[in-house]
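A.B. asks: fold the following and give me the result.
(2 chains)
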Amino acid sequence: ETGVTQSPTHLIKTRGQQVTLRCSSQSGHNTVSWYQQALGQGPQFIFQYYREEENGRGNFPPRFSGLQFPNYSSELNVNALELDDSALYLCASSLGGQGTKQFFGPGTRLTVL
Amino acid sequence: KQEVTQIPAALSVPEGENLVLNCSFTDSAIYNLQWFRQDPGKGLTSLLLIQSSQREQTSGRLNASLDKSSGRSTLYIAASQPGDSATYLCAVPDSSNTGKLIFGQGTTLQVKP
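C.D. replies: The predicted structure follows:
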């Protein structure tokens, strides 16, 4: 059984650019949640995908968007990057629903210059 | 709106000491509470998950307790070791159907040899 994987590990972009982050869910999991963690803070929920549909969104602007594929892997896209987007982006997979355990990937460190 | 708070923000102890990390939450209607460990720049490793019907969970030198009525959880680490140095985060799922996790800001622990 493979765990949650994310790519790339690190990424450096400049303000105004666009970025795509990728996540492969744990085998058997149909739900992927994305979180943003700024330095020294706890992770903040961005959105969740369940069976290829967005299933809830946190307080993030529309330039944060995502996709989930039939194999339940997922992408997080961020357009018009801002300096404040610099953070660790974490994805978590689960079986979905309230109270189900979420399994986290190693994260992607995004730096916006 | 659920809020999670962790005190203290940072803690430094000598090796061998027993210690307690605190987590409080404002809405006692939770499904479960989870404690995570995060090494610098890395993803989250789940340590313990306590269901709402449970009072405590143990794994090795770690013991987590839950008191829903008072909105508190503690993580007890026995005989601390330098390898325990990390940031410890607690999280509860919110009441929406996403089960998104609401995190505290974490306690950064340093265990000195």
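A.B. asks: give the contact list for residue B:86.
C.D. replies: Residue B:86 sits next to B:37-40, B:108-109 when contact means C-beta atoms under 8 Å, 6 or more residues apart in numbering or on different chains. The C-beta positions use only the backbone N, C-alpha and C, and glycine is treated the same way.
A.B. asks: please, which helix or strand holds the nearest residue to residue B:38 once chain neighbours are set aside?
C.D. replies: Counting by C-beta to C-beta, 6 or more residues apart in numbering or on different chains, residue B:38 lies nearest to residue B:87, which is 4.6 Å off, once chain neighbours are set aside. For residue B:87, the enclosing helix or strand under DSSP states H and E is strand B:86-93.
A.B. asks: and the nearest residue to residue A:46 once chain neighbours are set aside, how far from chain B?
C.D. replies: Distances taken as C-beta to C-beta, 6+ apart put residue A:34 closest to residue A:46, at 4.3 Å, once the chain neighbours are dropped. Counting by C-beta to the nearest C-beta, to the nearest Å, the gap from residue A:34 to chain B is 10 Å.
A.B. asks: from the chain's centre, how far out does the strand or helix carrying residue A:34 sit?
C.D. replies: Per DSSP H and E, residue A:34 falls inside strand A:31-37. Centroid separation for strand A:31-37 versus its chain: 4 Å, with C-alpha atoms, centre = their mean, to the nearest Å.
A.B. asks: adjacent strands (with direction) for that strand?
C.D. replies: Sheet pairing of strand A:31-37 (DSSP bridges) gives strand A:44-50 (antiparallel), strand A:87-94 (antiparallel).
A.B. asks: closest to residue B:94 out of those?
C.D. replies: strand A:44-50 (8.2 Å; C-beta to C-beta).
A.B. asks: circling back: residues touching the residue nearest to residue B:38, list them.
C.D. replies: When contacts are counted by C-beta under 8 Å, 6+ apart, residue B:87 is found next to B:37-40, B:106-109.
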